[in-house]
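Undergrad: this is a predicted model, with the sequence first.
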Amino acid sequence: MRTGSEPLTARSPLRMRFWLSVWGVIVTVAGTVAFALAGRPGWAAACAAVWLITIIDMAVILKHIREGPHYQPGRDVPPYPPDR
């Protein structure tokens, strides 16, 4: 039930963030492997660090997607005025 003035077609950006993190994992894994094979351990370690950050971000995104919407205003919060 719509009780506020939020857009009717509002969507969460979590799925977009998930697919961007998947792309980030692919790129950082490829970079880590490429730099390791090229004999550049510093750059390989930097890519591996970004890979770790991307994996952590992906875990947080998946947690938020699984939680779903969870903010529900109580009875003491009045609804927004309707759009005209």
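TA: Nice, I can see it.

Undergrad: pLDDT score for the residue nearest to D57 when sequence neighbours are not counted?
TA: Distances taken as C-beta to C-beta, 6 or more residues apart in numbering put S21 closest to D57, at 5.4 Å, once the chain neighbours are dropped. Glycine gets a C-beta too; all of them are placed from N, C-alpha and C. You'll see S21 listed with a pLDDT of 96.

Undergrad: surely S21 touches V60?
TA: No. Checked against C-beta atoms under 8 Å, the pair S21 and V60 is beyond contact range at 9.3 Å.

Undergrad: the two - which one has more neighbours?
TA: For the pair S21 and V60, the greater number of neighbours falls to S21 (20 against 13), based on other C-beta atoms under 10 Å.

Undergrad: show me what contacts the more buried one?
TA: Contact partners of S21, counting by C-beta atoms under 8 Å, 6 or more residues apart in numbering, are 54, 57-58, 61.

Undergrad: state the distance from it to P13.
TA: 12 Å (C-beta to C-beta, to the nearest Å).

Undergrad: buried subset of the contacts of S21?
TA: 54, 57-58, 61 (16 or more other C-beta atoms under 10 Å).

Undergrad: for the chain, longest helix please?
TA: helix 41-67 (DSSP state H).

Undergrad: for it, the averaged confidence score.
TA: pLDDT averaged over helix 41-67 gives 94.

Undergrad: neighbours of R40, how many?
TA: 13.

Undergrad: wait, I meant V27
TA: Neighbours around V27, by other C-beta under 10 Å: 14.

Undergrad: now do it, the pLDDT please.
TA: On the pLDDT scale, V27 is placed at 97.
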